[in-house]
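In: the sequence isn't on hand, but the structure is:
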């Protein structure tokens, strides 16, 4: 667990910071190592801070003290509840994403100016990227906690073609299945493990590894700080062996399809930060068994360079196909297929210690066992807080939105005005 921190010197430098109560905009209850003991504060200037108070009581006291101070810009929705599922319901975020709220508001306004403005700008909709980030935030995932980092799905399945056809459904990964179920032959082995596993203490599970963990985050982001430093700390002062590091996107995809211990998903940076694919800092990551020096990440043939890869990757995320199926992946990670009978039916059951509520750290009296459990939680991975116990709404196709009533004056404008 210490390997995931920067050390006492950095912590001492941050010890005596203070913030104006008027700068606070949002406040979230957070878990730290599966204990509901932390708060994450989001400020008006978009900065954010994660605080662990060591116990649930300490967290509650801090929360009450902040609320009683009446921050003038604190969103009232966070005063009513801190439960992730209730926050999703109160914000109506799902409905706004699925129903293209900004677009339909423009249509119903009967204003041609608003309609055209919406058509020509990204304000027209909540993007899939933005929506996934907001779901991650509601479910307790944070850039400030590497053990609960935001999780994004593998979107594509084509990493070998010379050109990428985003209009072809076969270019995409099946979002209705967890990574571990994408390969039928490997899935059979996971199902056999689940069926045959019999332990008086440990519940059955399909996967012995998790789709999101500190190791997963460092695997993808090792080429940029602060993750380079964290990766060295995690490995005891040196990098992992070059053959096990992130070197080839296609090879990584093949690994999550074939390897029995690899079911990892992606991180958000692969949709906006090309630097994670380069070695801008000229770091010596070592050499592979074949003698090759590990440097930049090998890209699919359809990507000209890291910027082009990120651009096309983001286009794929916002495509019509993904928009039509993203709710299925959300059901697996944040929704009703995350736990219980639906998770079993969906081949989506992970090791029990990754789920909230299965382990009470405070009730472990043996300090050695308590520390061992915390370390296991820190490195193994944590399942996000569950946001939904019913199926997620499917996003309305844009074609259906366009069939809504058009602004009356839009029909009277000459087509030349569109240019």
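Out: Good, I have the coordinates. What you see is a predicted model, and the numbers here were worked out from it, not measured in a lab.
In: quick one: the helices in the stretch 251-400 of the chain, in order.
Out: Assigned by DSSP state H, counting those that start in this stretch, the stretch 251-400 of the chain shows helices spanning 306-317, 320-333, 340-345, 367-380, 398-402.
In: right, and the ones you listed - which one's nearest residue 182?
Out: helix 320-333 (11.7 Å; CB to CB). The way it works is simple: take the backbone N, C-alpha and C, and place the C-beta from them, glycine included.
In: could I get the buried residue list for that closest one?
Out: Buried positions in helix 320-333, judged by neighbour count with 16 or more other CB atoms under 10 Å: 321, 322, 323, 325, 326, 327, 328, 329, 330, 331, 332, 333.
In: between which two of these is the distance greatest?
Out: 321 and 333 (18.5 Å).
In: confidence-wise, which of the helices of the stretch 251-400 of the chain is weakest overall?
Out: Looking at the helices of the stretch 251-400 of the chain, the lowest mean pLDDT belongs to helix 398-402 (a mean of 71).
In: picking that back up, need the winner for burial among the helices of the stretch 251-400 of the chain.
Out: helix 320-333 (a mean of 21; mean count of other CB atoms under 10 Å).
In: tilt between that helix and helix 306-317?
Out: 80 degrees (axes from the mean of the first three to the mean of the last three CA atoms, to 10 degrees).
In: which of the helices of the stretch 251-400 of the chain sits closest to residue 278?
Out: Of the helices of the stretch 251-400 of the chain, nearest to residue 278 by CB to CB is helix 306-317, at 5.6 Å.
In: for that closest one, packing partners?
Out: Applying 3 or more CB pairs under 8 Å, 6 or more residues apart in numbering; DSSP states H and E, we find helix 306-317 packed against helix 128-138.
In: what does the helix it packs on rub up against?
Out: 28, 84, 87-88, 91, 93, 97, 126, 150-152, 268, 271-272, 314, 317-318, 322-323, 326, 330, 334, 384-385, 387 (CB atoms under 8 Å, 6 or more residues apart in numbering).
In: please apply the same query to stretch 265-282.
Out: Contacts of stretch 265-282 with the rest of the structure, by CB under 8 Å, 6+ apart, involve 129, 132-133, 136, 149-155, 179, 211-212, 216-217, 220-221, 223-225, 228, 285, 295-297, 299, 305-307, 309-310, 313-314, 317, 333.
In: ok, now stretch 386-402?
Out: Counting by CB under 8 Å, 6+ apart, 84-85, 88, 94-95, 97-100, 103-104, 107, 135, 138-139, 320, 323-324, 326-328, 330-331, 334-336, 338-339, 356 sit against stretch 386-402.
In: which positions in it come out as buried?
Out: Quick answer for stretch 386-402 (16+ other CB under 10 Å): 386, 387, 388, 392, 395, 396, 401.
In: how about stretch 128-146?
Out: 128, 131-143, 145-146.
In: any idea which residue sits dead centre in this structure?
Out: For the chain, the residue sitting closest to the mean C-alpha position, by CA atoms, centre = their mean, is residue 151 at 2.1 Å.
In: hang on, isn't that one packed against residue 141?
Out: Yes: proximity of residue 151 to residue 141 meets the contact threshold set by CB atoms under 8 Å, at 6.4 Å.
In: okay, and the common contacts of these two?
Out: Contacts common to residue 151 and residue 141, judged by CB under 8 Å, 6+ apart, are residue 384.
In: show me where pLDDT drops low in this structure?
Out: Regions of the chain meeting the criterion pLDDT under 70 cover residues 1-15, 101-124, 401-419.
In: run through the strands of it in chain order.
Out: 24-32, 35-43, 48-52 (DSSP state E).
In: so what are the sheet partners of the second one and their directions?
Out: Sheet pairing here is set by DSSP bridges, and for strand 35-43 it gives strand 24-32 (antiparallel), strand 48-52 (antiparallel).
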